[in-house]
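S.K.: Okay, sequence plus prediction incoming.
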Amino acid sequence: MLYQTPSGKVPLPTKQGHIFFTCTDIECCRDWRTTEIRDPTAEVLLSQYPTAEMALNGKNAVVTGAVMGIGKAITEILLQNGAKVALLDYGEDKVFFMNCDVESEEDIKAGLKKAAETFGGIDILCNNAGILNEGLWEKMVSINLMGIIKGSYLALEHMNKLTGGRGGVIVNTASMAGIGPLPSCPVYTAVKHGVVGFTRAMAAASTLSGYGIRFNVLCPAFVQTDLFSNIPKKLGRFSELCLETQQLVEHFGVLDVSEVAEALLELVTDETKNGQVLLVLPTDEDGKGGNSYISFPTYVQ
Ligand SMILES: NC(=O)c1ccc[n+]([C@@H]2O[C@H](COP(=O)([O-])OP(=O)(O)OC[C@H]3O[C@@H](n4cnc5c(N)ncnc54)[C@H](O)[C@@H]3O)[C@@H](O)[C@H]2O)c1
Ligand SMILES: CCCCC[C@H](O)/C=C/C=C\C=C\C=C\[C@@H](O)[C@@H](O)CCCC(=O)O
């Protein structure tokens, strides 16, 4: 189905994506499906289509580590864009909807089951829960990597088109430390590199097997959250590298959780994105930094 404009035919977005229109008045593009586009003179980037604010209407999401920080912001932006959201987190005093410790396969299974039963299926999973503590590195591996593997595998039972699911998207939260080493956090670096590799492999498996599920990974730099507080107490045997870490923070700057949530939304709504690694950096006053998709060497010709 094509929409006729004075400047030529524009394919209707069967997939969410950016559409370039030439029109004289952004208002005329507000709802292009019913508004006649008049005399084209300006290039308007219509990021997503006019109903983008409800781009996730009818979609059901599950977010782990949703009670605070990045997960809370992810939950908010998914709700703002029309999705229903199940919040999975742990800790008696922090439970909103479902108490779920991502170290427990039973907890994740119960949380996904409740979400699927409550909403009628799962379309979006954000494996976001994570901790930073080099002094408790085994726990970091268990939560930050194994929790994401468990969440992804258990979500397949609900989302995989090969087993009756309707497909969807899984976004795993890694970190910039999943792309480059944080000298003061070697195990955190290792697990975040693991999340990046796991997610890229799952994206390839999904494409080859036909799961109908997109897998993407979010790699924020430093973000102002609870995890980012009291860093000196979280470096374990590497606490002598606190100054070097602070220098990295000053080098890259600190993101607001809303910036990370906006990046997440792109990975969720853009159906062309599968196997993508999105680095999220603050944009400095010169416009440097911002978000970029990381490319990796390919060896199969
Ligand atoms: N803050 C940063 O600088 C930064 C940067 C890049 C990536 N990240 C990643 O973002 C994710 C969210 O971190 P944040 O900065 O929002 O931290 P945060 O501490 O503010 O929030 C983490 C949330 O995860 C929950 N959680 C922790 N362990 C859990 C478990 N076992 N089961 C269920 N929930 C659990 C916590 O209760 C909390 O609600 C983490 O994976 C973290 O590694 C953080
Ligand atoms: C101690 C705080 C940990 C916060 C964890 C959170 O996930 C944030 C990580 C943010 C940034 C990681 C940066 C890693 C940088 C490395 O690649 C380093 O080698 C970069 C060298 C500096 C440069 O100019 O490239």
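M.R.: The structure has been received and is ready for your questions. Ligands and ions are numbered 1, 2, ... in the order given.
S.K.: contacts and neighbour counts: CA atoms only from here.
M.R.: OK.
S.K.: The strand or helix carrying residue 138: what's the following helix or strand?
M.R.: Per DSSP states H and E, residue 138 falls inside helix 137-140. Going down the chain from helix 137-140, the next helix or strand is helix 147-159, by DSSP H and E.
S.K.: and the helix holding residue 138, what does it pack onto?
M.R.: helix 186-209 (3 or more C-alpha pairs under 8 Å, 6 or more residues apart in numbering; DSSP states H and E).
S.K.: hang on, residue 172 packs against residue 127?
M.R.: Yes. Here residue 172 reaches residue 127: they are 4.8 Å apart, a contact under C-alpha atoms under 8 Å.
S.K.: Find residues that contact each of those two.
M.R.: residue 148 (C-alpha atoms under 8 Å, 6 or more residues apart in numbering).
S.K.: one step back: name the surrounding residues that touch the helix holding residue 138.
M.R.: 130-134, 187-188, 191.
S.K.: what residues does the stretch 201-301 of the chain put near ligand 1?
M.R.: Remark: the part of the stretch 201-301 of the chain in contact with ligand 1 comprises 220-228, using C-alpha under 6 Å from any ligand atom.
S.K.: Turn the buried ones among those residues into a named PyMOL selection, would you?
M.R.: Typed into PyMOL, the line below selects the buried ones among these, using 16 or more other C-alpha atoms under 10 Å:
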select buried, resi 220+221+222+223+227
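S.K.: Tell me where the protein has strands.
M.R.: 2-5, 8-11, 19-22, 43-46, 60-64, 84-89, 98-99, 124-127, 168-173, 213-220, 277-283, 289-293 (DSSP state E).
S.K.: where does the chain dip in pLDDT?
M.R.: Counting by pLDDT under 70, the chain contains low-confidence residues at 1-53, 92-96.
S.K.: Next, name the residue at the spatial heart of it.
M.R.: Centroid check for the chain by C-alpha atoms, centre = their mean gives residue 264 as the closest residue, at 3.5 Å.
S.K.: So that one versus residue 114, what's the distance?
M.R.: Counting by C-alpha to C-alpha, to the nearest Å, the separation of residue 264 from residue 114 is 24 Å.
S.K.: go on, residue 283?
M.R.: To residue 114, residue 283 is 39 Å away according to C-alpha to C-alpha.
S.K.: What of residue 263?
M.R.: Between residue 263 and residue 114 the computed distance is 27 Å (C-alpha to C-alpha).
S.K.: Setting aside sequence neighbours, what's the nearest residue to the residue of the chain found nearest ligand 2?
M.R.: Among the residues of the chain, residue 180 lies nearest to ligand 2; the distance is 3.1 Å by C-alpha to the nearest ligand atom. Spatial nearest neighbour of residue 180, chain neighbours left out: residue 189 (7.6 Å); criterion: C-alpha to C-alpha, 6 or more residues apart in numbering.
S.K.: Cross-check the contact I'm expecting between that neighbour and residue 181.
M.R.: Yes. In this structure residue 189 lies within contact range of residue 181 using C-alpha under 8 Å: 5.7 Å.
S.K.: With neighbour numbers in mind, choose between these two.
M.R.: A side-by-side neighbour count of residue 189 and residue 181, using other C-alpha atoms under 10 Å, places residue 189 first with 21 against 16.
S.K.: re the thing from before, looking at residue 263 and residue 114, which is more packed in?
M.R.: Each of residue 263 and residue 114 has its neighbours counted (other C-alpha under 10 Å); residue 263 has more, 19 against 15.
S.K.: Spatially, which residue comes closest to that one, not counting chain neighbours?
M.R.: Using C-alpha to C-alpha, 6+ apart, the closest residue to residue 263 is residue 280 (7.1 Å).
S.K.: what's the neighbour count on the one you found?
M.R.: 25.
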